[in-house]
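Student: Please find the sequence and the predicted model below.
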Amino acid sequence: MPPNLRPVQDAGQTLAQAKKELLDATPCCGSFADFSYQNLLPWRPKKFKLGDGSLVADLNGTRSYFLAFSLPTDVKLPYRIGLKSALSGRWLKDSYLFAPTMVLLDSAFQPIDTKDVNLCEYMGWSNDASGAFGSITVSNPEARYLVVYSSAQQQSSSTYWEQSPAAFSVGTPNNMVSNGSFTVPHGPDGTIWVGLMTKSYANAVDHGICGKPAAGPGLLHTLRTALPVHWSGSGT
């Protein structure tokens, strides 16, 4: 059945179920020192699925699924870490996003930088090049470990999106109508990509839509100011 004819899911129930699953889970850890850092940060963004069956941490009263990595020691500072969060469902209006909080730790597992990553929408020519992108920069030579989780602030927030919720399907990212803007809620689980920045990820991060653009004077005014004087004289 074509995607446009498939029945949609109830976004409220889906998000509520995800929140309940996290609430019912048993946390494994209560501090960053409890985490395992055996996995090295991938050399390019790698896919990770967070949700049922993933480890759960309880950090300062906030439960979240998480990932933990050792940072590379042979990469010149500063360097960027790229990430992407995928929509949870086939239809945009029935989806939510896992919005990450990135924590850099020193060798004693003490936080030296914490950032709620601002996600920006970018639509490429395929599913791999589309999603909500973000990044952090590692510049502190004391940084040894990285934790990715979702803070209470992130879980209660949303990401700006500039597409039609009725016209966009995750399965067909290029068949969309850009006729509106709205926000996608954040949820407790989801699929994310994390790793050292690549050229394609840097392009998505640097050119993503992060919020509603400021209202301008309009196309006609822009043309009048951009065209040569003889094109915009009083006789035209």
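Tutor: Cool, got the structure.

Student: Quick check: buried residues in the helix or strand harbouring residue 204?
Tutor: Element membership for residue 204 (DSSP states H and E) is helix 199-207. Using 16 or more other CB atoms under 10 Å as the test for burial, helix 199-207 gives 201, 204, 205. C-betas here are computed from N, CA, C, even on glycine.

Student: for the last one, what are its contacts?
Tutor: Think residue 205. 82, 120, 122, 133, 134, 135, 197 (CB atoms under 8 Å, 6 or more residues apart in numbering).

Student: With residue 29 instead?
Tutor: Taking CB under 8 Å, 6+ apart as the contact definition, residue 29 lies against 35, 55, 57, 58.

Student: Redo the residues you listed as JSON lines? Include distance to residue 44.
Tutor: Listed next are those as JSON lines, based on distance: CB to CB, whole Å:
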{"residue": "35", "distance to residue 44": "23"}
{"residue": "55", "distance to residue 44": "23"}
{"residue": "57", "distance to residue 44": "26"}
{"residue": "58", "distance to residue 44": "31"}
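
Student: In helices only, show me these.
Tutor: Using DSSP state H, no member of those falls in helices.

Student: filter those to the buried ones?
Tutor: The neighbour count (16+ other CB under 10 Å) marks 35, 55, 57 as buried among those.

Student: Identify the residues contacting the last one.
Tutor: So the one you mean is residue 57. Listed by CB under 8 Å, 6+ apart, the contact set of residue 57 reads 27, 28, 29, 30, 34, 35, 63, 64, 65, 66, 149.
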